[in-house]
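Engineer: Output the structure for:
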Amino acid sequence: IQRGTTAVTVEGESYSAAEVSYYYHNAYNSIVNSNYVSLYGIDKNTALSQQSLNDTAKMMLGVTEDMTWDAYFRDAAKKSLIQLTMLKKGAAEKGLTFDDDMQKEIDSTLETFSTYAKKAGYSTSAYLKLMYGNNMTMSTFKSILKDTVLASHYQQDYIDSLTYTDEEVETYYNEHKNNFDVADYEYIYFKGTADSTKDADGNTVQPTDEENAAAKEAASANANAALEAVRNGLLMEKAADNYDNGTYTDRPTGTYSGDAVTEWVFNEERQEGDLTLIESGDNYYVVLFHSRGRNDYNTVDVRHILFKVDTSDLDSKADDYQEKLDARKAEQKEAAEAALKKWEEGARTEDSFAELANELSADTGSNTKGGLYTEVYKGQMVTEFNDWCFDESRQPGDTGIVYNEGSYTGYHVIYFVGTDAPYWQVQVRNAMKNADYTQWNNALVKDITATEASGMKYLV
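Structural biologist: Take a look at the predicted model:
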């Protein structure tokens, strides 16, 4: 009864305590699983209502007022429900309805969730409560997934509707060159502060002002000497080797970050061979500029079928672990080879490959789209996949099988569709879409409020 009590209403739509708990815990999990959790200063062992956001957390999260973490997560949950409500409303007005492909996405999510639960040693229902609070049930979780999948499809439908002419893309690029160009340059970094030391008891001893001053003076002298040596023809890397406090870095595809070095590198007046010494804070940089330009290489379109090697139930410390792992690898390799053979013995078309991908692929990101990935850029995919796709000999219609290990282990049966737009155009269009989407989304939720109801006291 408590979990089903209305906790929030948005535009006439009611959400139960269980549903609000899901978004509350979603926000919480994103914080505690963040790489910056130590900076946020949140204590998992103290009630969220009894600890406030520190100044760093407020700055990073864009919070301007003092509040407890409990209040922050409640507010985050309400914002999520406002957006969900308006997206569902928009989907209904457009006539977008739940379909079999959406159900396939949900089934895949549930399967993945069940795998995580099993790996963590929990039943699926217990893991749901662990992740989203004691109010969560499988039926509520499925209902939430249905809403979020429909909303995400409506979002994607809007994004896909955004198109731009070549002239618009070129204009946007020229107005934001630093965001898209890459530069080829080298630099030697000279640290201008002294290192800390350890005392006899192992305690850290910070350098004195005199030691820091001496370090900065040495860095300045060495940087000027290195600058002169490079001007006289010595290679940058060789020049750095002459100094203990000189660190050499090569940036063949460096991007703009707004620091002192890249401000100089990305200056429109830069010419090949320009050399300078930059002082930034206590440190010095000798910088050599080679070139600047945009990513002109062509992206690629590919289809693939993933045969994933599931290791979630294997004990990596068991004596027979390697034997079982090898057996599963062999099984998935055989399945991948069988799939490719089936395609080769069939129509051998892109469409027939797409049908197999929808039928066999374990990749939830593409197994409802014929395994298709468009405008793939260098470094986007795992190394083996990337190297196959960007092989200079690759031709439309080529197929192959690659194997990879890492965040997952598996075999990819790949069909090369062909080359696509230059990467710089893809970058620019995506930036334009992001800007337009943000404006659209902000307008969607503007002036929409969430009203709390009695069920808010049942959030757990």
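Engineer: So I305: helix, strand or coil?
Structural biologist: Here I305 takes the strand state, with states given by DSSP: H, G, I helix; E, B strand; the rest coil.
Engineer: these two touch, right, it and N358?
Structural biologist: No: contact criterion Cβ atoms under 8 Å: I305 and N358 do not qualify, at 9.2 Å. (Each C-beta comes from the backbone N, C-alpha and C, glycine too.)
Engineer: residues in contact with A117?
Structural biologist: 123-124, 126-128 (Cβ atoms under 8 Å, 6 or more residues apart in numbering).
Engineer: One more pass at 6 Å, please.
Structural biologist: Neighbouring residues of A117 by Cβ atoms under 6 Å, 6 or more residues apart in numbering: 124, 127.
Engineer: Got the phi and psi for it?
Structural biologist: Note on A117: its backbone torsions stand at phi -60, psi -50 [degrees, to the nearest 10].
Engineer: Show the pLDDT at it.
Structural biologist: Model confidence at A117, given as pLDDT, is 91.
Engineer: Next one: it from L325, what distance?
Structural biologist: Distance, A117 to L325, by Cβ to Cβ, to the nearest Å: 22 Å.
Engineer: and if you look at P252?
Structural biologist: For P252 relative to L325 (Cβ to Cβ), the value is 37 Å.
Engineer: Equivalent analysis for L360, please.
Structural biologist: For L360 relative to L325 (Cβ to Cβ), the value is 22 Å.
Engineer: More neighbours: which of those two?
Structural biologist: Using other Cβ atoms under 10 Å as the criterion, L360 and L325 rank with L360 on top: 18 against 15.
Engineer: Quick check: nearest residue in space to the residue nearest the centre of the chain, chain neighbours excluded?
Structural biologist: Closest residue to the average C-alpha location of the chain: Q380 at 10.6 Å, with Cα atoms, centre = their mean. Using Cβ to Cβ, 6 or more residues apart in numbering and skipping the chain neighbours, the partner closest in space to Q380 is N386 (7.1 Å).
Engineer: Which helix or strand contains that neighbour?
Structural biologist: helix 383-389 (DSSP states H and E).
Engineer: do K88 as well
Structural biologist: helix 69-94.
Engineer: Pull up the gap between the residue nearest to Y23 when sequence neighbours are not counted and E279, please.
Structural biologist: Closest residue to Y23 apart from its sequence neighbours, by Cβ to Cβ, 6+ apart: A77 at 3.8 Å. A77 sits 48 Å away from E279, going by Cβ to Cβ.
Engineer: can you check G254 too?
Structural biologist: G254 is 20 Å from E279, by Cβ to Cβ.
Engineer: and what of T383?
Structural biologist: 39 Å.
Engineer: More neighbours: which of these two?
Structural biologist: Neighbour count, other Cβ under 10 Å: between T383 and E279, E279 has more, with 15 against 12.
Engineer: In a strand, that one, correct?
Structural biologist: Yes: with three-state DSSP as the criterion, E279 is part of a strand.
Engineer: who are the neighbours in contact with it?
Structural biologist: With Cβ under 6 Å, 6+ apart, E279 has no contacts at all.
Engineer: and T299, helix, strand or coil?
Structural biologist: Secondary structure of T299, reduced to three states by three-state DSSP: strand.
Engineer: Quickly note the distance from it to F390.
Structural biologist: Distance, T299 to F390, by Cβ to Cβ: 10 Å.
Engineer: Contacts for the one helix or strand Y173 maps to next, please.
Structural biologist: Following DSSP H and E, the helix or strand that holds Y173 is helix 166-175. Here helix 166-175 makes contact (Cβ under 6 Å, 6+ apart) with 425, 428, 432.
Engineer: Looking at it now, give me its mean pLDDT.
Structural biologist: Helix 166-175 comes out at a mean pLDDT of 97.
Engineer: Make 306 the first number, not 1, from now on.
Structural biologist: With the count now opening at 306, the last piece we talked about shows up as helix 471-480.
Engineer: What is the subsequent helix or strand relative to that helix?
Structural biologist: Heading C-terminal from helix 471-480 (DSSP H and E), you reach helix 482-485.
Engineer: in that next one, what's buried?
Structural biologist: For helix 482-485, a neighbour-count test (16 or more other Cβ atoms under 10 Å) marks 483, 485 as buried.
Engineer: Skipping adjacent residues, who's closest to R597 in space?
Structural biologist: R597's closest residue in space is A488 (Cβ to Cβ, 6+ apart), at 4.3 Å.
Engineer: Just list whatever residues bridge to that neighbour.
Structural biologist: For A488, the beta-bridge partners are G559, R597 (DSSP bridges).
Engineer: if I look at it, how far off is L540?
Structural biologist: 19 Å.
Engineer: When the two are compared, which one has more neighbours?
Structural biologist: A488 (20 against 13).
Engineer: residues contacting that one?
Structural biologist: Taking Cβ under 6 Å, 6+ apart as the test, what A488 contacts is 559, 570, 597.
Engineer: Just the buried ones among these, please.
Structural biologist: Of the contacts of A488, these count as buried by 16+ other Cβ under 10 Å: 559, 570, 597.
Engineer: Could you save the residues you listed as JSON lines and add columns showing pLDDT and distance to N672?
Structural biologist: Below are those laid out as JSON lines (pLDDT from 0 to 100; distance: Cβ to Cβ, whole Å):
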{"residue": "G559", "pLDDT": "96", "distance to N672": "37"}
{"residue": "V570", "pLDDT": "98", "distance to N672": "43"}
{"residue": "R597", "pLDDT": "97", "distance to N672": "40"}
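Engineer: Out of those, flag the one nearest to D624.
Structural biologist: G559 (48.5 Å; Cβ to Cβ).
Engineer: How much space separates the closest one from Y602?
Structural biologist: 17 Å.
Engineer: M364 now?
Structural biologist: 38 Å.
Engineer: R575 too?
Structural biologist: Distance from R575 to Y602, by Cβ to Cβ: 22 Å.
Engineer: same deal with Q637?
Structural biologist: Counting by Cβ to Cβ, the separation of Q637 from Y602 is 32 Å.
Engineer: Those two: which has the busier surroundings?
Structural biologist: Between Q637 and Y602, Q637 has the larger neighbour count (other Cβ under 10 Å), namely 20 against 12.
Engineer: secondary structure element for the more buried one?
Structural biologist: With DSSP H and E as criterion, Q637 is part of helix 626-649.
Engineer: same thing with D618?
Structural biologist: Using DSSP H and E, D618 falls outside every helix and strand.
Engineer: Can you tell me the closest non-neighbouring residue to it?
Structural biologist: Going by Cβ to Cβ, 6+ apart, D618 has K423 as its nearest residue, at 6.4 Å.
Engineer: any idea which element the one you found lies in?
Structural biologist: helix 405-425.
Engineer: pull the CA atoms of that helix into CSV?
Structural biologist: C-alpha atoms of helix 405-425 as CSV (Å, rounded to 0.1, in the frame of the first residue of the first chain):
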residue,chain,number,x,y,z
ASP,A,405,8.1,-5.1,-30.5
ASP,A,406,11.6,-3.5,-30.9
MET,A,407,11.1,-1.5,-27.7
GLN,A,408,10.1,-4.7,-25.9
LYS,A,409,13.2,-6.3,-27.2
GLU,A,410,15.2,-3.5,-25.6
ILE,A,411,13.5,-4.0,-22.3
ASP,A,412,14.0,-7.8,-22.5
SER,A,413,17.7,-7.2,-23.1
THR,A,414,17.9,-4.8,-20.2
LEU,A,415,16.2,-7.3,-17.9
GLU,A,416,18.6,-10.0,-19.0
THR,A,417,21.6,-7.8,-18.3
PHE,A,418,20.2,-6.8,-14.9
SER,A,419,19.6,-10.4,-14.0
THR,A,420,23.3,-11.2,-15.0
TYR,A,421,24.6,-8.4,-12.8
ALA,A,422,22.4,-9.6,-9.9
LYS,A,423,23.7,-13.1,-10.2
LYS,A,424,27.3,-11.9,-10.4
ALA,A,425,26.8,-9.9,-7.2
